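Enquirer: Pasting the sequence and the predicted model now:
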Protein chains: 2
Amino acid sequence: MPAPTPAPSALPARRRAGRPTAAILDQDGITTAALELISNKGYDGLTMAALARSLGVAPSALYNHVASKDDVLLLVEDHLAAMVDVSAFGVEPWDAAVRRWAWSYRDVFSEHTPLIPVIAVLPVANAPKTLAMYEAVTAGFRDAGFPEEKIISAIVALEAFVFGAAYDVTAPEDIFDAGNLAEQVPNFTAAVDRLALERHARPTDVAFSLGLEALITGFGALRG
Amino acid sequence: MPAPTPAPSALPARRRAGRPTAAILDQDGITTAALELISNKGYDGLTMAALARSLGVAPSALYNHVASKDDVLLLVEDHLAAMVDVSAFGVEPWDAAVRRWAWSYRDVFSEHTPLIPVIAVLPVANAPKTLAMYEAVTAGFRDAGFPEEKIISAIVALEAFVFGAAYDVTAPEDIFDAGNLAEQVPNFTAAVDRLALERHARPTDVAFSLGLEALITGFGALRG
DNA sequence: GATATAAATGAATGGCATTCATTTATTGGT
DNA sequence: ACCAATAAATGAATGCCATTCATTTATATC
């Protein structure tokens, strides 16, 4: 049967199918809209349908510009990588530069932990800004006298710590409350209670600092 | 209209609805079936439908024993926590015990990275075996002369590193291949190539060892 | 023996990413 | 100046997924 003639939609000037004067969508716009959506509704709210809606477009239109939802996540990841602070490398001493980099790396991704499984396994060739971050860090290590064969390993180790710590930031405060099992784990409970007495900074920041300083000290000793 | 009388199913002795002589399902059986399924089909294959099928049961039956799929993941996680090797604490020296614990922790969860977002944020009260692991580690730190107020922070930091490293294990080998962007990141590319010349162990193991030894050294100095 | 309960069934439900045929304005070639 | 190819949109499927619900019934409890 012939398709019924669509009633000429009088109301909200609905766009008709077909190539428009200028493309509505591009990867930059999709990235920006995704970030906005994530910021407002979190990663649960980031659906292809919601993303399309926020761009005033049908969901299927997105697939002219990205291959999949994972592709969207990759775009977001690469955008965030550019926000990580590598500016101290080559300016400040090596240890201070690492410290700045690692803290900002953690802070950026602690708001975006659902990306971590994506990044951790992402070939860098698909993420130019991420690659640029690695380049800056690598150059910083090299110029600081780091033996070349250990640079990547050191960065990988630091990154592992950063990613794990990013999760930790999002954990509930009472994650270590053993509840009614407390009597069965006296050492653990005592240590948790003891930590709670220290009221300096967020526990997650204390742990991050403790680990990061150990890594910086340990890696610093490798420099020639 | 009245429900049509169901034909008395002659064939595969299909179970009828209603309370059976003994419960078919329990949390242990669900956990075991989930692990089997994960082992065979990976986490993508772990659906409530597949889990139910492997148990010879309707999907909805699972919900008499678990509240949600996340609940299943929690059961799996706690089972795995019991496989982490804490046996060296109190037997071997502190640094050797930490080494054994961290390596085995990483190895166990590198096969189960989809659990990491669950664990990292999981209140320990819901995971008794995980809690038992923490108790053993905490006692080991305390007996090694670790100041009590730093024990939890040190464990959290080590755990963060372990989780991040577990992801790294699953990364593709050529993750650092910059492809056609290689010229734009000369330092990075050189460092990646230089590492490739070292053919001792898996790169992921080299990085883990490097980071872990730095953490052990750094934390070891905190002992009284 | 009556009643309540636990544990199963199977049929919805609603959300999700993704695919596909179709439409049409623009671009580039002749 | 026409014409073919293409890019970019639509909207209607598709199939998978977790979860809910009314219903059934064997067993346990009073």
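Expert: That came through fine.
Enquirer: any low-confidence regions in chain A?
Expert: The model of chain A has pLDDT under 70 over residues A:1-13.
Enquirer: mind giving me the domain split of it?
Expert: Listed domain ranges for chain A are A:18-66, A:80-220 (source: automatic domain parsing).
Enquirer: how many other residues sit next to A:Ala190?
Expert: Neighbourhood size, A:Ala190 [other C-beta atoms under 10 Å in any protein chain shown]: 16. Placement of C-beta: from N, CA and C, glycine included.
Enquirer: A:Arg16 too?
Expert: The number of residues near A:Arg16, taken as other C-beta under 10 Å, comes to 9.
Enquirer: I'd say A:Val57 and A:Ile24 touch.
Expert: Yes: A:Val57 lies in contact with A:Ile24 (C-beta atoms under 8 Å); the separation is 6.1 Å.
Enquirer: Would you mind stating the distance between A:Lys69 and A:Thr32?
Expert: 16 Å (C-beta to C-beta, to the nearest Å).
Enquirer: correction: A:Val156
Expert: A:Val156 is 31 Å from A:Thr32, by C-beta to C-beta.
Enquirer: Counting neighbours, go ahead and name the busier of those two.
Expert: Between A:Val156 and A:Thr32, counting by other C-beta under 10 Å, A:Val156 is the more crowded of the two (24 against 16).
Enquirer: wait, that one sits on B:Asp168?
Expert: Yes: using C-beta under 8 Å, A:Val156 is in contact with B:Asp168, at 6.1 Å.
Enquirer: Can you check which residues contact both of the two?
Expert: Residues touching both A:Val156 and B:Asp168 (C-beta atoms under 8 Å, 6 or more residues apart in numbering or on different chains) are B:204, B:207.
Enquirer: Any buried residues in the lengthiest helix in chain A, and which?
Expert: Criterion DSSP state H: the longest helix present in chain A is helix A:148-170. Residues of helix A:148-170 classed as buried by neighbour count (16 or more other C-beta atoms under 10 Å in any protein chain shown): A:148, A:150-169.
Enquirer: same thing with stretch A:201-210?
Expert: Neighbour counts over stretch A:201-210 (16+ other C-beta under 10 Å) mark A:203-210 as buried.
Enquirer: wait, which of those is closest to DNA strand C?
Expert: DNA strand C has its nearest neighbour among the buried residues of stretch A:201-210 in A:Thr204, at 29.4 Å by C-beta to the nearest atom of the strand.
Enquirer: tell me the secondary structure for A:Asp85?
Expert: What DSSP: H, G, I helix; E, B strand; the rest coil gives for A:Asp85 is coil.
Enquirer: ok now do the closest residue to it other than its chain neighbours, which residues does it touch?
Expert: Using C-beta to C-beta, 6 or more residues apart in numbering or on different chains and skipping the chain neighbours, the partner closest in space to A:Asp85 is A:Ser104 (3.9 Å). Listed by C-beta under 8 Å, 6+ apart, the contact set of A:Ser104 reads A:83-85.
Enquirer: do A:Ala207 as well
Expert: A:Ala207 neighbours (C-beta under 8 Å, 6+ apart): A:165, A:168, B:152-154, B:156-157, B:160.
Enquirer: again, only using 6 Å
Expert: When contacts are counted by C-beta atoms under 6 Å, 6 or more residues apart in numbering or on different chains, A:Ala207 touches B:153, B:156-157.
Enquirer: for A:Val206, same thing?
Expert: B:Ser153.
Enquirer: gap between it and A:Ala97?
Expert: A:Val206 sits 22 Å away from A:Ala97, going by C-beta to C-beta.
Enquirer: what does A:Ala182 give?
Expert: A:Ala182 is 43 Å from A:Ala97, by C-beta to C-beta.
Enquirer: So for these two, which residue has more residues nearby?
Expert: Set side by side, A:Ala182 and A:Ala97 show more neighbours around A:Ala97, with 23 against 16, by other C-beta under 10 Å.
Enquirer: Verify the stated contact: the more buried one with A:Phe89.
Expert: Yes: the pair A:Ala97 and A:Phe89 qualifies as a contact (C-beta atoms under 6 Å) at a distance of 4.5 Å.
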